[in-house]
Each structure stands twice: as structure tokens, then as C-alpha cells.
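next comes the sequence, and after it the predicted model I'd like to discuss.
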Amino acid sequence: MSIKIAVLSGKGGTGKTTISVNLSHVLSEKYSVQLLDADVEEPDSHLFFDYREGSEEKTVFQMIPEVDNEKCIKCGACSRECQFGAINIFTSGAMVFKNLCHGCGVCSMVCPAEAIKEIPKELGKLQFRTSEEGIDFGEGILKVGEISGVKVIRSLKENMGDNEIIILDSPPGSSCPVVETLRGVDFALLVTEDSAFGLHDMEIVSKVLDEMGIPFGIILNKYREHSAEEKHSKEFKTKFEDKLFMKIPLDKKLAGIHSEGRLFVKEYEAYKDKFLAMFDQIKELVG
Amino acid sequence: MKTRQIVVISGKGGTGKTTVSGSLAVLFKNHIISDCDVDSANLHLILNPELREEHEYWAGNKAEIDENKCIGCGKCHEICRFNAIVKKETGVFSVDPFACEGCKACVLVCPVNAVNFNVNHPGNYYISETGYGEFVHADLRPGEEMSGGLIAQVRKNSLRLAVDRKRDYVIIDGAPGIGCPATSSLTATDYAILVTEPTVSGIHDMKRMIEVIEHFRIPYSVVINRYDINKQRTSEIETLCNSKKIKIIGEVPFDEKVNYANSNAIPVVDISDSEAAEEIKSMFQKLLEEIE
């Protein structure tokens, strides 16, 4: 049985990808690890590894309606039942607004004339590779111009392996793409930053986790020594101190390493043990 | 003068959208301020808003199965394409509200009318007073999906207020990513400021965002935030912008005072003796030249 860990944050840019890639690297020395980048609108985890030869690509499709205007009797049932305003009947015939379609199939289901068939539309791609250190790496890439990555995330997750550990680098925010990433995970690592923004957004995500019944721990990133007297620090302490796993200081050098697409654990060895100890703690919490 | 809508956008999260838009909220005069990052809204944390109006936003539907009526036939489960219908141990079915996209297929196939189709309440939007101008903002309820619709409400109300009050500008703090929240923030704006950072991720995401902005044919310029954490990557961005004839209107240095300001409800441009604040002020001047 795999342990599935989602890395998420609420606020963007707090260090989700930093933690996902460095943690995967450290754990891959001891365990078999799969890292899935579910931030399909802006997937960046792939930039931090070298890869062995060979990769596999899959295309993600969504079904959209195509109306045969010869058969269409212009009854309007499809446009009445479509909840997303994605199909309309004009005097010239039916028109499909591809970007609004959710691919639910209701229009073809209700069409009395069997005038609607469903055809695939490309939403994005999945790419699978193995990194030099042996991480099974997969990412979802939403096609530019598409508006929802949920289906790409769902397809990516259908490709989970039987690795001992599966790490999911989640999208920012707290809405549907995040929920799709979280479904079925065993544990969530919340990466926040030492600021009022970070705390505010993390608190929203922590509510999603509570509602979904997912246990979590916190990594406080870009920690500033002088923040102790600030309002958000005191609030953090009262509300979340018991869930705090690790603090990583605000450090221009560390930011520099990451900005180059390098793994900071290779240069700050002490974090290796910290990450391993953190995983042991997670294992215990998940049971 | 026709009201102009200016959006601050990034692709990658955490590059400094709110830092820039919070500063613009202070520097612009005769404007409406608008926060479109509805699922991680932060602008209110630095503007000290005083709430004036609260509006509920109701949109879309979610299915709910009446377990007393459900006969356990499983037709809803078969038809649902979102894995939103789960079988319970008791043999009846129930809807996972987080997965339901509100398509109504289950309602249509249920032979015993056991599925209710309830109007959804994805969040609220607000109009507030701040010392810098009126402010339209919103809260998406955690886990909700109608962020694009809620953003459209924020945009509509911001523009309506601006027109009513004869304001020159709407300053919009955009949502991250390239999907629905980002495009709803961007659509029909008059000018975009793309905030990026000199990191491999920042550059990768910026390129995807440029495709989106150019698809919408919106004039735009670039701000490089924390430009000095990696000067080599900064020059890579400069080369990229030069080759595409995109103007860079600001290069903001790494400055711990920005973190301090953002955590203490202070707009960055109001802190004294900050290099970042000075650069943002000069960026504002260049922005004015660009949009005049």
C-alpha cells in the first residue's frame, strides 16, 4: 500500500514545489517514490531533475457534443437541460461553445432525434519519465487556452503507481483543482510562508482538509526571526503550533539555489535528516 | 475619460501580484480597487477595508440524493462522469458535493425522483471603503468550483461603480494560473502588468501566461520581482522580453521589508527607506507613461 501525500498551500509561491521536489529526492534514497505534479496550469516540478532515457506521453481528452444539423429538429431540449450554457439552438441550427462544456453528456442523453454524438477534444497532456535518482515522475499539462484542469488532474491520478510513497504537488488556491488533487490522499503537507498572506490562505485550505477528513502537518517556509511580535505569528502559534513539522528560514541563498532549478537538499545536508524524520512522523500519523 | 481596467497577473503564484497591486491601489488616484484572486484573497489584509455591502452569490447547482426515496438502482452512478456518486454501505447512493459539477444527469435518469437539484452558494462578494478608494472583493467558500462566475461578479460590480462614480481606473489583483480564474481576471481589461521572478519556474510560467495575454490581445508590460536573487535569470527574462518587444517597467529588488510590510497591513510604498518601495514608485511612473 502506498502512502499518498499531497503538498499544498493556499497562497501561491510559498514553496509547494520546493518541498515536493526536495522531499521526493531525499525519500527516493530509501524508498520507491512517485512524484506527480498536479499543478497542471503551471507545472514546474519537472525543472528540478535530470531524467533517464525514455518517456511516455498520454493525451487527455474531454468529450464534447457535435450536432448533426440534418437530424436536429431544433426542439431546444439540449440547450434547456445544459447547465453550463454550452449549447444553443439558432435558426441556422445548434451551436456548441466548447470552452463552457463540462463533458457531462446530458445534451446527447436528452436529444430525442439522436442528432448529437460526442467527439473528443484535447484538454492537455500527461508526461511520465524516470529521474536520474529513480523517482517515477509524472506531470499533467493543461493546454494553453483551456480553462479547467480538473479532468487533467483526475487522469494524472489514474496513473498512480504501486510505489511506497506517492507525492502530489498541488495547485494553489482552495477551489476545485485542489479538491480533485486531495481526493483519496492519506496526508497533506501544508507549506505556508511567514506572512499574514500565507497564514490567511493556509487557514482556508485547512478547512477544506478538515471537511475532507485529511490529517495534515505544516512546514513554515521563509521564516523570519523578527516576525515573532507580528500579529500573524501570534495567531499561527495559538492555532497551528501543534501541527508544525519544520521551519525553513527566509534565505536569499536558498532562494538562489531554487531559482536555478537545483535541489537545496544537495547543498544543505542537514535537511535530509529533517525530511526523513518528518516522513517517519507522517507514517506514524497515517498509521 | 473612459474607465480603464488594469490587471496585475502572473501565471506562477507568489511572484508578487498583491505587493504590486496593493501599491498601485495607493498610488493611483480616482480609481476602484478589485481583488479577483477569490480563493486566496489577500488584498484586504493590507487595505484595512471597512465593509459597506455584502452580497450573496448563488450560482450553479449541486445534486443531493434523498436516501429515503433512493431504491439503490445505481442509474445515477452509471451516468455520472465525475465520480460524484458513491454507494453507501446501506445500499443507497449519495453525492460527493466536492466532486459534483451540477450537470443534472443523475436527476434526469433517476426513476423515482430521489435526486434534488439545489442551487449552490459558492461564496459572497463585498463592497468596502478604504482610505484609497472603494474596494470590491469576494470570498469563495473552501472547495468550491464557481470561481470564474464569482470573479465575473467582482469585475462587473467594480466596473459599474467606476462608471457611476466617473472613476478613471479599475485596479485588479488577478488570480494565478492560466485557467478559468486567471482568464476571468484578464478578459476585457485594457492593460495587464505581468509580474514574474528570475527563477526557472517563474520564466516557465511567464511564457505560458504570455500566450494567454496575447490570445486576449491585451497590451501589457513586465515587472521582474526580486530581480537580484538570480541576475543571470533576470537577463534571460530581459532577452526574452527584448525579442518579443515587451517592455519591462520595473525590476524590484529582494527586500525583507516587503515581507514585513505585507504582514503588518502596510502597503509597501508607504514604508520608508526601502529600495523595493522606491522601485515600485518608479514603476508606477513608467506605467502611467505606458497607459496615457
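Received the coordinates, thanks. Numbers count the residues shown, from 1 in each chain, chains lettered A, B, ... in the order given.

alpha carbons only for contacts and neighbour counts from here, please
Fine.

what packs against the host helix or strand of residue B:94?
Assigned by DSSP states H and E, residue B:94 belongs to strand B:93-95. With contacts defined as 3 or more Cα pairs under 8 Å, 6 or more residues apart in numbering or on different chains; DSSP states H and E, strand B:93-95 has these neighbours: strand B:61-65, strand B:85-87.

which of the residues in the helix or strand just after it are buried?
As assigned by DSSP H and E, the chain's next helix or strand after strand B:93-95 is helix B:105-109. With burial defined by 16 or more other Cα atoms under 10 Å in any protein chain shown, the residues of helix B:105-109 counted as buried are B:105-109.

if we check chain A, which of those are in contact?
residue B:105 (Cα under 8 Å from any Cα of the partner chain).

and whichever strand or helix holds residue A:5, which strands flank it?
Per DSSP H and E, residue A:5 falls inside strand A:3-8. Strand A:3-8 pairs in its sheet with strand A:165-169 (parallel), strand A:187-193 (parallel), by DSSP bridges.

okay, the ones you listed in CSV with mean neighbour count and mean pLDDT next?
Shown next, in CSV, are the strands paired with strand A:3-8 (neighbours: other Cα atoms under 10 Å in any protein chain shown; pLDDT from 0 to 100):
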stretch, mean neighbour count, mean pLDDT
strand A:165-169, 26, 98
strand A:187-193, 26, 96
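
which residues does the worst-scoring helix or strand of chain B on mean pLDDT contact?
The helix or strand of chain B with the lowest confidence, counting by mean pLDDT, DSSP states H and E, is helix B:256-263 at a mean of 87. With Cα atoms under 8 Å, 6 or more residues apart in numbering or on different chains as the test, helix B:256-263 has contacts from A:195-197, A:227, A:230-232, B:19, B:45-46, B:267-268, B:271, B:274, B:276.

just the buried members of those?
A:195-197, A:227, A:232, B:19, B:45-46, B:267-268, B:271, B:274, B:276.

with respect to residue A:131, which of the helices and strands packed on strand B:93-95 lies nearest?
Among the helices and strands packed on strand B:93-95, the nearest to residue A:131 by Cα to Cα is strand B:85-87 (36.7 Å).

list the neighbouring strands of the closest one plus their orientation.
According to DSSP bridges, strand B:85-87 has these partners: strand B:93-95 (antiparallel).

just the terminal-to-terminal distance for stretch A:209-225.
Chord length of stretch A:209-225, first to last residue, is 29 Å (Cα to Cα, to the nearest Å).

and it, which residues are buried?
A:209, A:212, A:214-224.

for residue B:198, give me its contacts.
Contacts for residue B:198 were tallied using Cα under 8 Å, 6+ apart; they are A:259, B:224-227, B:229-231, B:233-234, B:237.

quick one, grab the pLDDT at residue A:235.
In this model, residue A:235 is scored at 87, pLDDT.

could you do residue B:44 as well?
Looking at residue B:44, its pLDDT is 93.

with residue B:211 instead?
On the pLDDT scale, residue B:211 gets 95.

could you do residue B:125 as well?
pLDDT at residue B:125 comes out at 97.

so it versus chain A, what's the distance?
Note on residue B:125: its distance to chain A, by Cα to the nearest Cα, to the nearest Å, is 16 Å.

what about that residue, neighbour count?
For residue B:125, the number of neighbouring residues by other Cα atoms under 10 Å in any protein chain shown comes to 21.

contacting residues for the nearest residue to it once chain neighbours are set aside?
Counting by Cα to Cα, 6 or more residues apart in numbering or on different chains, residue B:125 lies nearest to residue B:138, which is 4.0 Å off, once chain neighbours are set aside. Residues counted as contacts of residue B:138 (Cα under 8 Å, 6+ apart) are B:35-36, B:38, B:41, B:123-126, B:150-151, B:154.

what do you get if the cut-off is 6 Å, keeping everything else the same?
The contact partners of residue B:138, by Cα atoms under 6 Å, 6 or more residues apart in numbering or on different chains, come to B:38, B:124-126.

from the residues you listed, which is closest to chain A?
residue B:38 (8.7 Å; Cα to the nearest Cα).

would the closest one count as being in a strand?
No. Assignment of residue B:38 by DSSP: H, G, I helix; E, B strand; the rest coil gives coil, placing it outside any strand.

what about it, neighbour count?
Neighbourhood size, residue B:38 [other Cα under 10 Å]: 27.

quick one on the thing from earlier: for chain A, see how far away the residue nearest to residue B:125 is.
For residue B:138 relative to chain A (Cα to the nearest Cα), the value is 14 Å.

check the offset of the strand holding residue B:94 from the chain's centre.
Between the centre of strand B:93-95 and the centre of its chain there are 32 Å (Cα atoms, centre = their mean, to the nearest Å).

domain-wise, how is chain A divided?
A:3-49+A:133-286, A:61-122 (automatic domain parsing).

before we move on, what about chain B?
Here the domain parsing of chain B from automatic domain parsing is B:4-58+B:122-291, B:61-119.

distance between the ends of the longest one?
Separation of the first and last residues of domain B:4-58+B:122-291 by Cα to Cα is 9 Å.

just how off-centre is that domain within its chain?
8 Å.

about what we covered before: out of the domains of chain B, deepest packed?
Stretch with highest mean neighbour count among these: domain B:4-58+B:122-291 (a mean of 21; mean count of other Cα atoms under 10 Å in any protein chain shown).

residue A:138 and residue A:36 touch, don't they?
Yes. Taking Cα atoms under 6 Å as the definition, residue A:138 is a contact partner of residue A:36 at 4.7 Å.

and those two? Which one has more around it.
Of the pair residue A:138 and residue A:36, residue A:36 is the one with more neighbours under other Cα under 10 Å, namely 29 against 25.

and that one, how far from residue A:45?
As judged by Cα to Cα, residue A:36 and residue A:45 stand 9 Å apart.

residue B:56 now?
In terms of Cα to Cα, residue B:56 sits 38 Å off from residue A:45.
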